[in-house]
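Asker: okay, here's the prediction I keep looking at, along with the sequence it came from:
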Amino acid sequence: MSARSLRDEIQEVAAQYPQSRSAMLPALRLAQEGHGGWLPPEAFREVGEALGLTPAYCKSVASFYDMFHLKPVGRHLVEVCTNVSCALVGAQQVLEGFQRELGVGAGETTEDGEVTLRTIECLGGCGWATIVAIDEHYRTHVSPDDVPGIVQELRRGS
Amino acid sequence: MAAELQKIVLAGADDRDLTRLAEYEAIGGYRALQKARALAPSAVIDELNASELRGRGGAFFATGRKWSFVPKPDQNPNPHYLVVNADESEPGSFKDNEIMARVPHRFLEGCLITAHAVESKSVFIYIRGEYTGPYEVLVAALEELHARPDLRGEVTIVLHRGAGAYICGEETALLESLEGKRGQPRTKPPFPAIQGLYASPTVVNNVETLATVPPIVELGGAEYAKLGVENSRGTRVVSISGHVANGGNYEIPNGMSLRGLIYDLGGGIPNGRELKAVIPGGSSTAILRGDEIDVGYDFDSLLGLNTAMGSAGVVAIDDRCCMVQLGIRVSEFYEHESCGKCTPCREGTRWMTQILRRLEAGEAIQGELDLLLDVCDRINGKCLCPLGETAAVAVASYVDKFRPEFQRHVDEGGCPFGDSSPLDHVMAPVAQHTHSPTATVPA
């Protein structure tokens, strides 16, 4: 994405708010999408310029939130909820299934740069545990048996 | 009392696709809005006061009373804002997820009625960033509403996505976040009703609270107040999870027995296990033993057991589970989500986790059990917001209700449950980050 169109997009979103700084989270989300899923230093310059704020300020906000990535991530994001309700019905085994299938630990990315695996705090689907978010879309009732199929699907799709 | 559902918020959603405006209107949707707009704002607030509705986000504050704190436009000329707290993140709660996904128009109608009552033209819905499904439903519902100026009136509704921070469910942290800042709570007072978003009068309400407003206007406040029990009127959408056969959301009249919730609606404990413990209102609430569930699911009854409905997330835990391991996982959550502003919470949650880990590993000496409770005590009441306090109250309640089990970890030099407990060695997000420790517990 060119910096010019990102700037337009951010300013369009910012127009919805009485104060443009309120567009910070949506702007960072747009920038992250435009930079392959993470926020490199130039993303903070772009967001800062569009909103009239310093890059350092933008980074200070981004670093607070779990969904903004300050380091490169894979093309796909697999996030396993391991909070209490999911853990009670076997989230750890689901996580270990992904670790085996992908050959990486939690918080790591596969060598080919395709998939980042991580654990995540409660996703708000506790009664349909275990919840796994694949590229920000929930899968419910995931069991370790489902893991190879999900990974295959990701590999095929990419 | 027999465990029966009573659908007010989720009414009609089993028979029709209420995500569509036409379907919602076919069952009388948006009629309450017309009715409310024919009334003076103060008359709508009177109905809410008569309904005795109390906030469904967790704090249980009287909704009509909260609205009445907002100054009238001639008292404060700044724009008035309605901000919706759709940042549902409490472990064990997933009701707002389903409400937004299944009855988005009832929720939006509630927003429009509330905007009328507090004389606001500007609504912001702060929805948690991970809720892609409900977000997409709301985008579609807002598009339908946009094409209907007769319903929308002069009110603008902006959907604002969060970005992953539990603390933004705290209303002042949410406002900070909505202003484009790190989501750290503000000092109160001033309360949002006086100085909220952009230092202007602001009402912050939860999704379920707002989705309850149209039925209250439709039925009349007094009629709604006939449901439920004293101090807990009306219905509640309860999330049930953990070791139950049928996890899910169930809308019940307040006051139904907790046993009925778990055994009749939740289908009981699977695999022939026994119920060991119940978290009654999300992980921020004090735990109950399995033999304490013959209690009404309402504010006063649970207060009698020193706990709360919170955000109505019931988590059932069976007899394989280790309560020290539960403490570790819960403490790790709050440690991860502490915003860092207040020292007792930022450092205390870390200490709690470390002591609990030492107990679990059999490395703790007797004094550390007391130290754990001491750390909890030193968090309570010493922070700007309740995050650290709820972690402390929850973990202290595990020690209080299951003290012999904690003692066994000290006496036996390790965990009596080990890997037979499903909570054994669960990888939490806090453990996958690299940290520069700021303090460790002295030996």
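Answerer: Perfect, I can see it now.
Asker: what segments of the stretch 301-443 of chain B are helices?
Answerer: B:323-337, B:343-361, B:366-379, B:387-401, B:403-411, B:429-432 (DSSP state H, counting those that start in this stretch).
Asker: out of those helices, flag the one nearest residue B:271.
Answerer: helix B:323-337 (18.7 Å; CB to CB). (Each C-beta comes from the backbone N, C-alpha and C, glycine too.)
Asker: who does the closest one touch, helix- and strand-wise?
Answerer: Applying 3 or more CB pairs under 8 Å, 6 or more residues apart in numbering or on different chains; DSSP states H and E, we find helix B:323-337 packed against helix A:84-88, helix B:343-361, helix B:387-401, helix B:403-411, helix B:429-432.
Asker: so which of those is the most packed in?
Answerer: helix A:84-88 (a mean of 30; mean count of other CB atoms under 10 Å in any protein chain shown).
Asker: and whichever helix or strand comes after that one, how far out from the chain's middle?
Answerer: As assigned by DSSP states H and E, the chain's next helix or strand after helix A:84-88 is helix A:91-102. Computed by CA atoms, centre = their mean, to the nearest Å, the separation of helix A:91-102 from the middle of its chain amounts to 18 Å.
Asker: what of stretch B:291-311?
Answerer: 15 Å.
Asker: span of that stretch from start to end?
Answerer: From its first residue to its last, stretch B:291-311 covers 22 Å (CA to CA, to the nearest Å).
Asker: hmm, back to that, output the helices of the stretch 301-443 of chain B as CSV; include the columns distance to residue A:25.
Answerer: Listed next are these as CSV, based on distance: least, CB to CB, whole Å:
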stretch, distance to residue A:25
helix B:323-337, 17
helix B:343-361, 23
helix B:366-379, 29
helix B:387-401, 20
helix B:403-411, 41
helix B:429-432, 20
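Asker: and of those, who's closest to residue B:195?
Answerer: Closest among the helices of the stretch 301-443 of chain B, using CB to CB: helix B:387-401, at 21.7 Å.
Asker: tell me the contacts of the spatially most central residue of chain B?
Answerer: By CA atoms, centre = their mean, chain B has its centre lying nearest to residue B:311, at 3.2 Å. Counting by CB atoms under 8 Å, 6 or more residues apart in numbering or on different chains, residue B:311 makes contact with B:56-58, B:88, B:90, B:92-93, B:95, B:281-282, B:284.
Asker: most neighbours among those, which one is it?
Answerer: residue B:93 (33 neighbours; other CB atoms under 10 Å in any protein chain shown).
Asker: can you tell me how far that one is from chain A?
Answerer: 7 Å (CB to the nearest CB, to the nearest Å).
Asker: from residue B:182, how far out is the residue nearest to the spatial centre of chain A?
Answerer: With distances taken as CA atoms, centre = their mean, residue A:67 lies nearest the centre of chain A, 4.9 Å away. Using CB to CB, to the nearest Å, residue A:67 is found at 14 Å from residue B:182.
Asker: one more: residue B:104?
Answerer: Residue B:104 is 30 Å from residue B:182, by CB to CB.
Asker: just residue A:125 next, same as before
Answerer: Counting by CB to CB - residue A:125 and residue B:182 are separated by 26 Å.
Asker: more neighbours: these two, which one.
Answerer: The neighbour count for residue A:125 versus residue B:182, taken as other CB under 10 Å, is higher for residue A:125 (27 against 20).
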